[in-house]
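**Q** For reference, the sequence and a predicted model appear below.
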Amino acid sequence: MTERKPEGYIDGTPLHPESLMMGYGYKPEWSEGAIKCPIFQTSTFVFKTAEEGKAFFELAYGLREPKPGEQVGLIYSRINNPDLEILEDRLCLWDEAEDGAVFESGMAAIATAVLAYVRPGDMIFHNEPLYGGTDHLFRSVLREFGIHAVPFPAGAPNEQVEAILADCPLRDRLAMIYIETPANPTNALVDIEFCSQLAKRYAPNGREVIVAVDNTFLGPLWQHPLKHGADLVLYSATKYIGGHSDVIAGACLGSRAKLAPVKALRTFLGTMAGPWTGWLLMRSLETLKLRMTAQMKNARYVADFLADHPKVQRVYYLGHLTEGHPQFALYRKQCLAPGGMISFEIVGGEAEAFRFLNALKLIKLAVSLGSTESLAEHPATMTHADMPRETQQAFGITDALIRLSVGVEHPEDLVLDLKQALERV
C-alpha cells in the first residue's frame with residue numbers, strides 16, 4: 001500500500017472512509033476518464049525496460065530494500081493487480097491498517113495467515129466456538145502437519161482463559177492466539193486487548209506470538225481489533241464487505257511488517273483474489289456503511305421481538321447486554337455497535353427448529369451472513385455440523401439454536417415472517 005494519498009483530505013481535514021470509498025486510490029485520467037476503476041482482466045504486465053523488470057522482481061521477492069519512494073511495479077496478477085491494490089488501499093481505511101491482502105475466500109485468508117506464522121510443533125491458542133470451516137482447519141487439517149490447536153471458551157473470564165494457557169504443556173510452543181469475536185454463532189465476546197497481553201506474557205524466548213482476530217461478524221464498521229492490540233485482522237469478505245451473496249473473498253489487514261510474510265506466502269500459494277473479485281468488492285464498499293447501519297437497526301427491532309416471544313427461550317444478541325452482565329463492560333470497550341447477527345433458541349429441539357426454518361417465506365434458509373437479504377440456518381446440522389457433538393453442546397450450539405443474519409428489508413416485514421413461522425413450531 002502506498003502512503004495515505006492527498007485525496008484523503010480537504011483543506012487539511014481527513015475525509016471519512018465512507019466518502020473515500022467512492023474514489024480513493026484511483027484517478028479517472030488513468031483509464032480514459034472512466035469514473036469507476038476498470039477490471040484489469042490480464043495475467044501479466046509489460047515492462048518499459050528490462051532494467052525496470054529486474055527492479056520490480058528484486059522488490060517483489062525481497063532481494064533488496066526499496067530506495068526512498070520506490071515501490072513494486074505491476075508484474076503478474078498472481079503478485080499484484082490494479083484492482084486488488086486499489087481495493088486493499090480502501091479496505092485499510094476502515095481499520096486504519098498500514099497494509100492489506102485480499103484473497104479468493106475467507107478460508108484462504110485464514111489458512112495463508114496461519115501458515116505464514118505457524119510451524120510444525122507449534123500451538124495455536126483459540127476460542128471456541130469458531131466458524132465451522134476454521135474449526136475443521138484447526139482441529140483436523142493442521143493436525144496432519146503437526147500443528148496443535150488448544151481451545152478456550154469464548155466469553156470465559158480472563159482469569160480462566162489465562163489459567164488454561166498457563167496449564168497447557170504446549171505453552172512453550174505458542175505461536176498464535178487466534179480469536180473470533182463475537183464468536184460464531186453464539187455472539188460471545190473475547191477480550192482482544194487481554195489476549196494481546198497474554199501473547200506478550202507467554203511468548204517463547206526469542207519469538208513473537210501473533211494475535212489474529214476474525215472480525216467478520218462486526219467489521220469493518222463496528223469493531224477495530226488493531227486498535228486493541230491485534231496484529232492481524234481477518235475477514236470473510238464474502239459477508240458484509242461483499243454483502244450481496246454474489247462473491248467469495250477474504251482479507252487480511254495489519255502493519256506492513258506483519259503483512260509481509262502473509263503477502264509473500266499468498267504469492268506462492270496462489271490464494272490471491274482475481275481482478276473480477278476485486279472489482280465487485282470495490283463496488284460493494286461504496287454502500288458498506290449504509291448496508292451495515294440498516295442491518296444493525298433492523299437487528300435490534302428483530303431481537304426485541306424474539307426476546308418477547310413465548311416460543312423463544314433464549315436470544316444471543318449483543319444489543320441486549322445490560323450493565324451487570326459479565327460481558328457488558330467488554331462490549332462497551334471493544335464494540336461500536338451490536339451488528340446484525342442474532343442467534344436464538346426455540347422452545348423444543350431439532351424438529352421444532354426445522355419446522356420454523358421450513359415455514360419462513362421472506363427470510364431465506366441458507367448459510368452465510370452479512371448480505372442484503374436476511375438468512376437463517378441451523379448451526380448444529382449445517383455450518384458447525386463437523387464439530388463433535390459434545391463440543392457443540394459445551395459451547396451452546398444446541399439442536400434448538402438458529403442463527404439469523406438480518407438484512408436490509410423492512411423490519412416490520414421481517415417480524416411478520418418470523419411471527420408466522422413461529423406459529424408453526
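**A** Yep, it's here.

**Q** So, low pLDDT: which residues of the stretch 101-250 of the chain?
**A** Along the stretch 101-250 of the chain, no part satisfies pLDDT under 70.

**Q** tell me the phi and psi of the residue nearest to Gly106 when sequence neighbours are not counted?
**A** Nearest residue to Gly106, sequence neighbours excluded (Cβ to Cβ, 6 or more residues apart in numbering): Ser236, at 2.8 Å. For every residue, glycine as well, the C-beta is placed using N, CA and C. With angles defined as degrees, to the nearest 10, Ser236 sits at phi -80, psi 100.

**Q** Please name the bridge partners of Ser236.
**A** Bridge pairing for Ser236 (DSSP bridges) gives the partners Gly250.

**Q** who's in contact with it?
**A** By Cβ atoms under 8 Å, 6 or more residues apart in numbering, Ser236 lies in contact with 105-107, 109, 131, 214, 216, 249-250.

**Q** of all the residues you listed, which comes closest to Arg256?
**A** Nearest to Arg256 among those is Ala109, at 17.2 Å by Cβ to Cβ.

**Q** which residues sit in contact with the closest residue to that closest one other than its chain neighbours?
**A** Nearest residue to Ala109, sequence neighbours excluded (Cβ to Cβ, 6+ apart): Gly250, at 3.2 Å. Applying Cβ under 8 Å, 6+ apart to Gly250 gives the contacts 102-110, 234-238, 273.

**Q** Looking at those, which are in helices?
**A** Judged by DSSP state H, those include 106-110 as members of helices.

**Q** and those, which are buried?
**A** Neighbour counting with 16 or more other Cβ atoms under 10 Å marks 106-110 as buried within the ones in helices among the contacts of Gly250.

**Q** Out of those, flag the one nearest to Arg78.
**A** The closest of these, once distances to Arg78 are taken by Cβ to Cβ, is Ala108, at 13.2 Å.

**Q** hang on, the earlier thing: quick one: which of the ones in helices among the contacts of Gly250 is nearest Cys92?
**A** For the ones in helices among the contacts of Gly250, the nearest to Cys92 is Ala109 (14.5 Å; Cβ to Cβ).

**Q** Could you double-check that that closest one lies in contact with Ala251?
**A** Yes: Ala109 lies in contact with Ala251 (Cβ atoms under 8 Å); the separation is 5.9 Å.

**Q** Now do the buried residues in the one helix or strand Lys263 maps to.
**A** Element membership of Lys263 [criterion: DSSP states H and E] is helix 256-269. Neighbour-count burial for helix 256-269, counted by 16+ other Cβ under 10 Å, picks out 258-259, 262-267.

**Q** which residues sit against the next helix or strand after it?
**A** Using DSSP H and E, the next helix or strand after helix 256-269 towards the C-terminus is helix 275-285. If you take Cβ under 8 Å, 6+ apart as the criterion, helix 275-285 is touched by 21, 36-42, 77, 81-84, 86-87, 90-91, 102, 104, 237, 241-244, 246-249, 273.

**Q** what does stretch 343-359 give?
**A** Defining contact as Cβ under 8 Å, 6+ apart, one finds that stretch 343-359 is touched by 185-187, 306, 310-317, 365, 376-381, 398-404, 420-422, 424-425.
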